[in-house]
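In: coords please:
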Amino acid sequence: MGHPTSLYLLLLLLLLLSLLCWGQRSNPHSEKPSCDRCDLQLSCNCSYSGFNSVPMVTGSALTLDLSFNNITVVTDDDLTGHTQLRALSLHGNRLAVIHQSAFNSLWSLEKLDLSDNQLTSLNATWFNRLGALQQLNLLNNLYSCLGSPPVFQGLVRLRRLGFGGPALEEVRRGDLSGVTQLEELTMHANNLNRYESGALANIWPLGSVTLSLHGPFLTDVALASAVLNDVSYPETHITLEDLHLVQNQSVQPFLVVARRRVRYLNIHNLSISDEAIVNLLVVLNGAPLSFFSFDAVTLTGEGRWEKASWTDHQSIDEVLIRDIVVLDIYKFVSFLNLKFLLQYPRKVSIINSKVFVMPCETSHLLVNLQYLDVSDNLLTDLTLEEALCHGDGTLKDLRVLNVSGNALKSLTLMSQLVEKLSKLTHLDVSRNIYSSMPPRCSWSSTLRYLNISRAKLTTVTSCLPTTLEVLDLSNNDLKSFTLSLPVLRELHLSGNKFLRLPQGRLFPNLQTLTIQSNTLNMFERSDLQSYERLQNLQAGQNKFVCSCDFVAFLQSNIKGGEDVHLTDGKESYVCDSPLSLHGQTVGRVRLSVVECHRVLFVSVSCGVALFVWILLCVLLWHLHVFWYLKMTWAWLKAKRSSRWRRQRDRDNTDSEALLSYDAFVSYSERDASWVENFLVPELEETRENNEDAINPRTPRPLSLCLHKRDFIPGHWIVDNIMSAMECSRRTVFILSENFVRSDWCCYELDFSHFRLFDGNAGGDVAILILLEPLAKDDIPRRFYKLRKLMSSTTYLEWPQEEERRPEFWRSLRDALRQEEED
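Out: Numbering: from 1, shown residues only. Here you go, the predicted structure:
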């Protein structure tokens with residue numbers, strides 16, 4: 001029974017493992033890293049990120065750079081979905097395994113870089129679906145052969161191919177089957193020991209070939225010759241790397257170069273002796289070589305070239321020597337023994353080779369020289385004067401002279417040395433230590449191109465020749481340019497301290513202006529319109545103030561709405577200020593109407609605000625808000641004054657009543673006759689014909705407050721009104737048309753209106769007497785409390801009939817004495 005149980009447990013364990021593996025397989029991206037460093041051009045730079053596997057990247061990427069990570073494996077689904085990818089770089093990883101279908105979805109891939117990895121073999125299935133591939137780099141891996149079947153069979157569009165490395169030992173015929181036409185072929189085969197003749201012979205035309213054949217040149221001349229024989233064509237540029245030529249045997253493969261009539265030969269990273277140079281010149285005797293280049297050369301010996309003086313190299317047109325190091329230079333006799341070579345070239349370049357002097361005798365030998373480049377050396381004013389034979393015009397055919405990157409100091413001397421070079425058109429004196437420009441100079445009258453960039457110039461003077469068509473003053477300390485150059489077509493002023501564009505009237509024929517990385521804040525359409533023929537402008541990488549006019553102008557230019565084109569790209573134009581726009585590209589800035597039309601906005605805003613204010617004032621006036629505010633202020637002020645006065649009176653007379661009058665009479669001056677002739681006599685005096693006179697209980701006469709009689713002279717009228725109202729039990733309003741039109745009556749009515757809200761006032765403070773018929777609507781609307789009072793309270797009307805007047809007086813007395821009766 002134990003065995004079946006164990007079997008069941010084993011099956012259960014296998015089932016769990018399979019489910020776990022299936023779960024991981026069903027979610028392959030659960031722990032996969034991602035990279036989002038993609039720009040607007042859909043170029044994703046994920047290099048130097050420490051990835052151990054291919055990260056997830058947007059499927060719309062066009063370029064993907066995964067170089068210099070720690071990727072070891074590319075699985076079948078790492079690149080799934082990248083159907084639009086054009087370029088993929090896995091350079092500099094530890095890549096050892098690539099699934100056979102890893103690149104199947106990359107139908108659009110044009111460039112693939114798998115160099116500097118640990119691939120021990122190549123698989124043809126990797127490239128089966130890469131029909132669009134044009135560039136393939138397989139250099140410096142660990143494979144020893146290209147493999148079988150041919151790995152490049154389907155790459156019919158391939159134009160650039162690099163393969164090989166330190167482990168490559170064999171190249172067989174058919175390895176490059178399918179590759180029939182290349183622009184560039186690079187093969188690193190320093191340790192190659194087996195090569196089948198014809199392996200590279202079927203590739204034609206072949207633009208350029210770079211071969212690293214260090215071992216074959218030293219140990220197997222026949223193999224090296226076979227390789228050279230298969231790739232050498234008259235128009236093919238041959239570059240040989242990593243050579244060590246010391247004996248006659250080591251230069252024998254160059255016989256193939258001579259026999260195949262190669263015209264362009266470049267040797268890079270070369271160690272050679274003077275003896276080997278003699279042997280090389282003998283081997284290449286009569287060859288139609290027109291371009292000969294030595295790059296990164298270590299030269300040994302004593303400079304004994306005489307044995308090659310009989311050779312014929314008259315076809316040499318251009319010689320380039322770069323980064324040469326002469327060991328034991330003090331043993332070298334001279335280079336003058338190479339005079340049989342110096343008479344032929346038209347172009348000579350000796351770059352970064354520590355040349356400190358070139359004797360005048362050597363210059364006299366360069367009879368056909370038209371182009372001389374001695375840049376990045378150790379020349380001084382004194383030694384250059386020797387090289388140019390003190391300005392006597394020895395190099396009569398010289399058209400281009402490049403002495404950049406030396407230790408020259410005097411522009412005056414430079415101009416004198418080239419004055420008699422009657423065919424000189426191009427002069428490059430950049431990267432020297434010129435600190436000032438003299439006021440006058442004497443240049444060659446044929447000079448058209450002048451480069452004085454990367455010096456220390458602070459001013460521009462008339463030293464510059466007016467014949468210039470191209471002038472480069474980049475990377476100096478210039479702040480202005482006021483010299484007129486009538487035929488100038490190109491002006492380069494980048495890297496200076498210009499605050500504004502130079503005046504266009506100085507350059508009537510200028511077509512191209514570069515003024516990047518200065519201190520420009522802005523430029524306008526009018527600035528460019530001063531240039532009559534300007535077509536191309538590069539003014540990016542400045543600290544732009546993004547004003548409305550500048551942003552609008554530049555955005556119009558970017559859209560092609562201007563005659564002048566910004567050739568350095570819209571991304572170069574970045575706002576420095578205002579702070580809210582700092583770091584934004586000008587092309588994406590969106591400014592509001594408030595920022596761009598501030599004067600108009602302020603004007604319109606002020607107009608609208610004024611209109612709203614007027615409208616509000618009219619509305620407030622219509623709603624009597626101003627009246628309420630005015631009355632509130634007056635009431636508060638008078639109330640405070642009245643409270644202070646009552647407190648004083650209370651302190652002076654503790655038992656005296658504060659109410660001094662039975663009623664305060666508010667009336668119009670035009671109704672004074674009625675008040676004086678009827679109201680006052682009737683209420684303040686006891687008349688004999690009065691019915692109450694015979695009554696023993698006839699009450700005392702009433703005390704009225706009249707403004708003409710009882711107001712205190714010299715006091716504020718409002719204080720008098722408030723005091724009178726507060727010292728009266730009632731306020732009697734004599735309403736008439738005259739009352740409504742009277743200002744002071746309105747004030748008294750206003751204060752009565754406020755007193756109705758006073759908590760100390762009774763509910764029947766006001767007594768209304770209509771002296772004449774008066775409609776409720778005749779009372780101003782702001783006295784809504786009184787209007788309401790007229791609607792809800794019985795008011796007295798002065799009767800016109802004589803017989804009804806006693807009843808009127810009785811009702812009035814009762815109303816005034818109501819509080820006493822209570």
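In: Could you report the pLDDT at Ser67?
Out: Ser67 is assigned a pLDDT of 96 by the prediction.
In: That one reaches Ala87, doesn't it?
Out: No: using Cβ atoms under 8 Å, Ser67 makes no contact with Ala87, being 11.4 Å away. Glycine gets a C-beta too; all of them are placed from N, C-alpha and C.
In: Identify the residue spatially nearest to Leu683, adjacent ones excluded.
Out: The spatial neighbour of Leu683 that comes closest, neighbours along the chain excluded (Cβ to Cβ, 6 or more residues apart in numbering), is Leu702 at 4.3 Å.
In: Using the three-state scheme, assign the one you found.
Out: Following DSSP: H, G, I helix; E, B strand; the rest coil, we place Leu702 in the coil state.
In: quick one: buried residues of the strand or helix carrying Val297?
Out: Element membership of Val297, judged by DSSP states H and E, is strand 291-300. Residues of strand 291-300 classed as buried by neighbour count (16 or more other Cβ atoms under 10 Å): 291-297, 299-300.
In: Next: stretch 804-817.
Out: Residues of stretch 804-817 classed as buried under the neighbour-count rule (16+ other Cβ under 10 Å) are 808-809, 812-813, 815-817.
In: Could you pull up the mean pLDDT of that stretch?
Out: Per-residue confidence for stretch 804-817 averages out to 85 on the pLDDT scale.
In: List the contacts of it.
Out: 662-663, 682-683, 691, 699, 702, 729-730, 732, 764, 767, 769, 796-799 (Cβ atoms under 8 Å, 6 or more residues apart in numbering).
In: Stretch 661-670 too?
Out: When contacts are taken as Cβ under 8 Å, 6+ apart, the neighbours of stretch 661-670 outside the stretch itself are 674-675, 679, 683, 702-706, 710, 724-725, 727-734, 736, 738-739, 741-742, 745, 748-749, 752, 767, 816-817.
In: got it, and stretch 389-400?
Out: Looking at stretch 389-400 with Cβ under 8 Å, 6+ apart, the contacting residues turn out to be 360, 363-364, 366-373, 385, 388, 416-427.
In: Just the buried residues out of those residues, in ChimeraX syntax.
Out: In ChimeraX, a selection of the buried entries from the contacts of stretch 389-400 looks like this (16+ other Cβ under 10 Å):
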select :363,366,369,370,371,372,373,385,388,416,417,418,419,420,421,424,425,426,427
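In: so of the contacts of stretch 389-400, which ones are in strands?
Out: 371-373, 426-427 (DSSP state E).
In: hang on, the earlier thing: give me the buried subset of the contacts of stretch 804-817.
Out: Of all those considered here, the ones buried according to neighbour count by 16+ other Cβ under 10 Å are 662-663, 682-683, 702, 729-730, 732, 767, 769, 796-798.
In: which ones among these are found in strands?
Out: With strands identified by DSSP E, the entries of those that belong to them are 662-663, 729-730, 732, 767, 769, 796-797.
In: what two of those have the greatest distance between them?
Out: Greatest spacing in these, by Cβ to Cβ: Arg729 and Glu797 (22.2 Å).
In: mind listing what Ile98 touches?
Out: Neighbouring residues of Ile98 by Cβ under 8 Å, 6+ apart: 73-74, 114, 119, 123, 126.
In: Poorly predicted segments of the stretch 651-800 of the chain, please.
Out: Where the stretch 651-800 of the chain drops to pLDDT under 70, the residues are 651-659, 686-699, 743-765, 776-790, 792-794.
In: can you pull out the strands in it?
Out: 661-666, 704-705, 728-735, 766-770, 796-797 (DSSP state E, counting those that start in this stretch).
In: which stretch among those strands comes nearest Ser273?
Out: Closest approach to Ser273 among these is made by strand 766-770 (131.0 Å; Cβ to Cβ).
In: still on that earlier bit, do you know how far the residue nearest to Leu683 is from Leu735?
Out: For Leu702, the distance to Leu735 (Cβ to Cβ, to the nearest Å) stands at 20 Å.
In: Check Leu66 too.
Out: Leu66 is 99 Å from Leu735, where distance means Cβ to Cβ.
In: okay, these two: which has more neighbours?
Out: Counted by other Cβ atoms under 10 Å, Leu66 and Leu735 do not tie: Leu735 has more neighbours, with 28 against 25.
In: ok, so what distance separates that one from Leu679?
Out: Taking Cβ to Cβ as the measure, Leu735 falls 13 Å from Leu679.
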